[in-house]
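# What follows is a protein structure lacking sequence information:
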């Protein structure tokens with residue numbers, strides 16, 4: 001009980017401080033150039049790398065699992081330094097876009113869209129589209145870029161820990177035409193997800209984190225990873241195509257929104273097996289995208305940790 005109280009208190013204090021920091025940062029970021037933003041991110045990224053041993057070791061450990069047979073420790077350490085630059089740049093980009101929401105030409109409209117024909121073809125079917133995302137590149141800008149282009153975008157995001165901050169972020173997202181909703185309660189989030197697909201809209205889901213409860217065990221960089229099956233479940237239920245989408249950076253700046261071709265399987269009469277097969281297939285797609293730009297993925301998630309199991313004596317398996 002005490003542990004829960006202090007955790008909740010910590011979140012409340014953090015919520016207040018983050019909201020205050022956002023207020024303080026907006027006028028400063030309004031005067032920054034995109035190159036100035038990347039310069040700040042590089043400095044802050046190096047500071048986090050050198051001063052936060054816990055996170056540094058976790059990133060190096062995860063990179064070693066994925067690339068240990070291909071790269072030596074010095075190469076992995078250099079990758080980790082770049083990972084922290086991108087990790088810091090992501091929230092700074094979000095603040096920057098809020099501070100310079102209008103005109104969009106300053107950053108958002110400079111992001112090129114490649115593969116737009118895949119999205120047009122998918123929406124032409126009238127069953128909605130599932131945008132398969134990952135914590136890769138400038139993933140927080142993807143919904144904004146699509147919304148500014150005129151597409152109706154719905155995003156499922158966990159917002160329970162920092163309500164004040166999320167209230168402000170959601171207000172901004174609403175201005176540019178995005179709809180944000182929480183994954184909890186589950187029945188409500190499922191209903192909202194299905195409804196937006198029935199309206200032939202885009203449902204943007206991030207599916208690259210360890211699933212704390214449940215999840216489908218599928219291969220990810222050669223290790224078993226418990227993966228959220230939402231994209232597969234919604235696609236099989238509604239017929240909505242799954243399209244991989246990500247915004248990649250070049251020289252530190254957000255440059256291109258890539259929209260891939262549909263991720264499909266041949267359905268069978270075994271729904272559980274189909275969900276597992278489709279989840280494994282889209283996870284392999286995410287892995288392939290990460291391999292192309294490994295430093296733009298966060299590598300901080302305990303991706304290969306076992307999910308929580310009630311009553312288990314070993315609920316704390318460390319990451320590989």
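Yep, that arrived. Note that the structure is a prediction, hence the values are computed from the model and not measured. Numbers count the residues shown, from 1 in each chain.

# Mind checking which residue lies nearest the centre of this structure?
Using Cα atoms, centre = their mean, the residue of the chain that lies closest to the mean C-alpha position is residue 135, 3.3 Å off.

# What number of residues are in the vicinity of the spatially closest residue to that residue that is not a sequence neighbour?
The shortest distance from residue 135 to any non-neighbouring residue, by Cβ to Cβ, 6 or more residues apart in numbering, is to residue 298 (4.8 Å). (C-beta placed from N, C-alpha, C; glycine too.) By the measure other Cβ atoms under 10 Å, the count of residues near residue 298 is 19.

# Look at residue 298 and report its pLDDT.
The score at residue 298 is 93. That number is its pLDDT.

# contacting residues for it?
Residues in contact with residue 298 (Cβ atoms under 8 Å, 6 or more residues apart in numbering) are 83, 86, 87, 135.

# Columns pLDDT on top of the residues you listed, output as CSV?
Formatted as CSV, those follow (pLDDT from 0 to 100):
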residue, pLDDT
83, 97
86, 96
87, 95
135, 95
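
# Quick one: which of those is the most crowded by neighbours?
For these, the largest neighbour count, defined by other Cβ under 10 Å, is 25 neighbours, found at residue 83.

# In strands only, show me the contacts of residue 298.
Using DSSP state E, no member of the contacts of residue 298 sits in strands.

# Need the max-distance pair from these.
83 and 135 (11.1 Å; Cβ to Cβ).

# Check which helices and strands the host helix or strand of residue 281 is in contact with.
Using DSSP states H and E, residue 281 falls within helix 271-292. Counting by 3 or more Cβ pairs under 8 Å, 6 or more residues apart in numbering; DSSP states H and E, the packing neighbours recorded for helix 271-292 are strand 129-133, strand 216-220, strand 223-227, helix 230-238, strand 242-250.

# Kindly present the contacts of residue 298 as TSV, with separate columns for distance to residue 249.
Below are the contacts of residue 298 laid out as TSV (distance: Cβ to Cβ, whole Å):
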residue	distance to residue 249
83	13
86	7
87	12
135	13
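
# So which of the residues you listed are in helices?
Using DSSP state H, the subset of the contacts of residue 298 located in helices is 83, 86, 87.

# any chance of these in a markdown table, plus distance to residue 228?
As requested, those are exported to a markdown table (distance: Cβ to Cβ, whole Å):
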| residue | distance to residue 228 |
| --- | --- |
| 83 | 22 |
| 86 | 22 |
| 87 | 21 |
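
# Low-confidence regions, the stretch 151-300 of the chain specifically.
159-160, 172, 174-175 (pLDDT under 70).

# Report the buried residues of the lengthiest helix in the chain.
Ordering each helix of the chain by length in residues (DSSP H) puts helix 2-30 first. Using 16 or more other Cβ atoms under 10 Å as the test for burial, helix 2-30 gives 15, 18, 19, 22, 25, 29.

# Check stretch 279-286 too.
Neighbour-count burial for stretch 279-286 [16+ other Cβ under 10 Å]: 279, 280, 282, 283, 285, 286.

# what does stretch 178-198 give?
In stretch 178-198, counting by 16+ other Cβ under 10 Å, buried: 178, 179, 180, 181, 183, 190, 192, 193, 194, 196, 197.

# likewise stretch 56-65?
56, 58, 59, 60, 61, 62, 63, 64, 65.

# In CSV: the residues you listed, plus pLDDT, distance to residue 251 and secondary structure.
As requested, the buried residues of stretch 56-65 are arranged in CSV below (pLDDT from 0 to 100; distance: Cβ to Cβ, whole Å; DSSP: H, G, I helix; E, B strand; the rest coil):
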residue, pLDDT, distance to residue 251, secondary structure
56, 96, 24, helix
58, 96, 27, helix
59, 97, 22, helix
60, 97, 25, helix
61, 96, 28, helix
62, 97, 25, helix
63, 97, 22, helix
64, 96, 27, helix
65, 95, 28, helix
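
# Residue 223: which of those is nearest?
Checking these against residue 223 by Cβ to Cβ gives residue 65 as the nearest, at 6.2 Å.

# pretty sure the closest one contacts residue 299?
No: assessed by Cβ atoms under 8 Å, residue 65 is found out of contact with residue 299, at 9.6 Å.

# which residues sit against stretch 208-222?
65-66, 133-136, 224-229, 232, 275-276, 279-280, 283-284, 286-287, 297, 301-305, 307-308.

# distance of the residue nearest to residue 136 when sequence neighbours are not counted from residue 66?
Sequence neighbours aside, residue 297 is the residue nearest to residue 136 in space, at 4.8 Å (criterion: Cβ to Cβ, 6+ apart). Distance from residue 297 to residue 66, counting by Cβ to Cβ, to the nearest Å: 9 Å.

# intersection of neighbour lists for those two?
Taking Cβ under 8 Å, 6+ apart as the contact rule, the neighbours common to residue 297 and residue 66 are residue 290.
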